[in-house]
Each structure stands twice: as C-alpha cells, then as structure tokens.
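Engineer: Sequence and predicted structure are below.
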Amino acid sequence: MGSRQELLAWVNDLLQTNYTKVEQLGTGAAYCQILDSIYGDVRLDRVKFDANQQYEYMENFKILQNTMTKHKVDKPVDPPLLMKCRLQDNLEFTQWLKRFWDAYAPNSGYDAVGRRKGKSAGPVDPHRPMSSASSARSSSAGAYRSRPAQQRVRPNAARPPVGRPAAVSSQQVQELTRQVADAKVLIDTAEKERDFYFAKLREIEVYIQQTEFDAGSEVEVMAKHIQAILYSTDDADPQDSGLHGDQYDQVSGHLNNLHVDEEETF
C-alpha cells in the first residue's frame, strides 16, 4: 500500500478521521495517534489535533519523538521538513509508518475516538492557519446569527444620533506609526533569534543521531541525556530520560564542569 488514496483510506479508517490530503498529516497529530494504536501509551491529551500553527506542530512532533525514543524505534524523523506540509515528505513518512504498523500493531481493535476522548481530529488546512482577526470575524458572525430575531436592528428603526469622531492629530498618527515600526523590529528580531537557536538545536540532534558512541561509555550516557532534553516536553516525566541515580549525577557533574566562554557565545 503506497498510493496517496490508499494511505489516506488507511489513516481515516484506523483513526476515524476524514483527512483529504496527505499534506494535512504534517501537523503531526495523526502520526502520534498511529503510534498510540501500536503502543497504547501516547499522551493523546497533550496532542493538538486541531493544530494550525507551527509551534503546535512542534509540540506534536515532540510527543511523537518521545514515544519513538521510549520504544527504541530507530527511525530518523525530521520535524522541520514534515512540518512544511509538503506532499512528498509526508507521503514517504506515512509509507514507512504503514509498514511499521503492519509489522508491530496488535491484532485487537483500536478505539481511536475513545482514546482521544472524543476530540475532533478532522483535517486542518496547514497552509491557511486561522489568524486572530479571522477568528474574531467568525465569532462575531456566529454571535449575530444566533441573536433572536426580535433583537436585530431593523433597517428603518430609529437610531440614536451619532456624534462626529474626534479628529486624530498628525502627531498621534506619527506616534502610532513609530510604535508599529518598533513592534515590527522586535518581532523580526525575535523570529531571527528563534530560527538561530532552533538551527543550533537541530545540528546537535542530527550529530547525536549520526554519531556512534561506545556502548555504556560516559559519552554515550551524556549523549542520551542531551537527547532526552531535546525531546522533552513541558509536562515530561524526568524519569523518562532513562538516567537514574548515580548515572544522572555523573552526567550532571560533567555538564556542570563544561566551560563556556561568554565572549564567544554571541
């Protein structure tokens, strides 16, 4: 089974969803629940099934990677690539996931809707996230439609006199323009810093995945600890890192002894 239609039919049948495009799987929510159908221990209450923002996609992929690490699934995952919601990347990953599911999924039935506690898991267009403005317009329109007929203002009904709006001075306009420009600079700076540090973390992740360490060595223990930190979520259990007792203390000691030259940090 490898065509788009066959894969979508499998996903929708397994998860009781109505995805119409493979690209929609790039939010990561469906991938998380497919793994849950195999292992039954994914924190689906933390999965954003209606995700439509990049940071929500990332939270879903953190949950996915935590589960794969926990069950020692040796499959490199590239969240930034899948999160772009492009057809080919998500098609290839879904094809692999189907083969993996065929090999390891239990024969018993899977209650997809019950496992996600009735949350809707319909497709969200990944290329058109809802903005706060459009959300507000939708809410206003819904409120108007639900208003009783007798409360709606009739076209010919008397209206209270409307006063002239206060004139806005050119000085106020200039001040508002300056504030908008300052806010844009802050946003651009924050986005550049976010991309910079995300790229650094990604480099560390790829290096650890591609490097072979001696089994049981201190370096391997440290690498696993760093990998656990990279894949952890805000609600992750500290014991999930796989380090306990003297191992954790030993790794923490090595990390504390690392020297960072502040002049070379930036």
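Structural biologist: Thanks, I have it. Residues are numbered from 1 along each chain as shown.
Engineer: Contact partners for residue 198?
Structural biologist: Contacts for residue 198 (C-beta atoms under 8 Å, 6 or more residues apart in numbering) come out as residue 80. From N, CA and C alone the C-beta is placed, and that goes for glycine too.
Engineer: what helix or strand does it sit in?
Structural biologist: Taking DSSP states H and E as the criterion, the element that holds residue 198 is helix 170-210.
Engineer: Residue 112 and residue 208: what is the separation?
Structural biologist: Applying C-beta to C-beta, to the nearest Å, one obtains 33 Å for the distance of residue 112 from residue 208.
Engineer: before we move on, what about residue 119?
Structural biologist: According to C-beta to C-beta, residue 119 and residue 208 sit 33 Å apart.
Engineer: same thing with residue 200?
Structural biologist: From residue 200 over to residue 208 (counting by C-beta to C-beta), the distance is 13 Å.
Engineer: more neighbours, these two?
Structural biologist: Higher neighbour count among residue 200 and residue 208: residue 208, with 16 against 10, using other C-beta atoms under 10 Å.
Engineer: buried residues in stretch 181-190?
Structural biologist: Neighbour counts over stretch 181-190 (16 or more other C-beta atoms under 10 Å) mark no residue as buried.
Engineer: got it, and stretch 8-15?
Structural biologist: With the criterion 16+ other C-beta under 10 Å, stretch 8-15 contains buried residues 8, 10, 11, 12, 14, 15.
Engineer: Redo the residues you listed as CSV? Include pLDDT.
Structural biologist: Output for the buried residues of stretch 8-15, formatted as CSV (pLDDT from 0 to 100):
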residue, pLDDT
8, 95
10, 96
11, 96
12, 95
14, 95
15, 95
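Engineer: Helices - which of those residues land there?
Structural biologist: Judged by DSSP state H, the buried residues of stretch 8-15 include 8, 10, 11, 12, 14, 15 as members of helices.
Engineer: May I ask you to confirm that the last one is in contact with residue 30?
Structural biologist: Looking back up the chat, that one is residue 15. Yes. Because the distance of 6.1 Å satisfies C-beta atoms under 8 Å, residue 15 is recorded as touching residue 30.
Engineer: any residues in contact with both of these two?
Structural biologist: Shared contacts of residue 15 and residue 30 (C-beta under 8 Å, 6+ apart): residue 121.
Engineer: Where does pLDDT dip in the stretch 1-150 of the chain?
Structural biologist: By pLDDT under 70, the weakly predicted segments of the stretch 1-150 of the chain are 1-2, 122-150.
Engineer: if we go to 90?
Structural biologist: Applying pLDDT under 90 to the stretch 1-150 of the chain flags the ranges 1-3, 52, 107-109, 118-150.
Engineer: What mean pLDDT does the helix or strand following the helix holding residue 198 get?
Structural biologist: Tracing the chain C-terminally past helix 170-210 and defining elements by DSSP H and E, one meets helix 218-231 next. Average pLDDT, helix 218-231: 84.
Engineer: what does stretch 105-114 rub up against?
Structural biologist: Under the contact criterion C-beta under 8 Å, 6+ apart, stretch 105-114 has outside partners 14, 15, 16, 17, 33, 37, 38, 121.
Engineer: Identify the residues contacting the first one.
Structural biologist: Residues counted as contacts of residue 14 (C-beta under 8 Å, 6+ apart) are 34, 37, 101, 110, 112.
Engineer: picking that back up, got the buried residues of stretch 8-15 as TSV, with distance to residue 213 columns?
Structural biologist: Shown next, in TSV, are the buried residues of stretch 8-15 (distance: C-beta to C-beta, whole Å):
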residue	distance to residue 213
8	40
10	37
11	36
12	41
14	36
15	37
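Engineer: What is the nearest of the residues you listed to residue 79?
Structural biologist: For residue 79, the closest of the buried residues of stretch 8-15 turns out to be residue 11, at 18.7 Å, with distances computed as C-beta to C-beta.
Engineer: Might one say that the closest one is in contact with residue 94?
Structural biologist: Yes. Under the criterion of C-beta under 8 Å, residue 11 makes contact with residue 94 at 7.3 Å.
Engineer: shouldn't residue 228 be in contact with residue 69?
Structural biologist: Yes. Between residue 228 and residue 69 there is a contact under C-beta under 8 Å: 7.4 Å.
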